[in-house]
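**Student:** one predicted model, sequence on top.
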Amino acid sequence: MNPFANLNERTVLTALRQVIDPEIGCNIVDLGLIYDVAITGTKVTVQMTLTTPGCPMSERLAQGAQWALLGIAGVEEAAVEIVWDPPWQPAMMTAAGRAAAGMR
């Protein structure tokens, strides 16, 4: 059986849903913070942003994302890149994210 058969964007996003922004109480995927997922062999690179440039949880969220990625079967290396373009806005949230954050 191919150990990488389940290594795809869906698996990556599922793992990243374990990372919760403690200030908002919602996971980083439904908040719309994940901009890009790249899988190259056993390495996963994620580009993500934060709700604000001065986010006090930036290191914690990036480290949580990296740990979540490394917990996926077949992933041997994980990189999390923080980007600011495009700037995050509430419209990037999923319906589940808006509900978790108490927005309609």
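**Tutor:** Cool, got the structure. Treat the numbers as computed from the prediction; the structure is a model and nothing was measured.

**Student:** ok, and what's touching the lowest-mean-pLDDT helix or strand in the chain?
**Tutor:** Sorting the helices and strands of the chain by mean pLDDT, DSSP states H and E puts helix 95-100 at the bottom, at a mean of 91. Residues outside helix 95-100 that contact it (Cβ atoms under 8 Å, 6 or more residues apart in numbering): 24-27, 30-32, 90, 104. The C-beta positions use only the backbone N, C-alpha and C, and glycine is treated the same way.

**Student:** cool, stretch 30-42 as well?
**Tutor:** With Cβ under 8 Å, 6+ apart as the test, stretch 30-42 has contacts from 4, 7-9, 12-13, 16-17, 21, 24, 28, 44-51, 61, 74-77, 83, 88, 91-94, 96-97, 100-101.

**Student:** of the residues you listed, grab the buried ones for PyMOL.
**Tutor:** The buried subset of the contacts of stretch 30-42, as determined by 16 or more other Cβ atoms under 10 Å, is captured in PyMOL by this line:
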select buried, resi 7+12+13+16+17+21+24+28+44+45+46+47+48+49+50+51+61+75+88+92+93+97+100+101
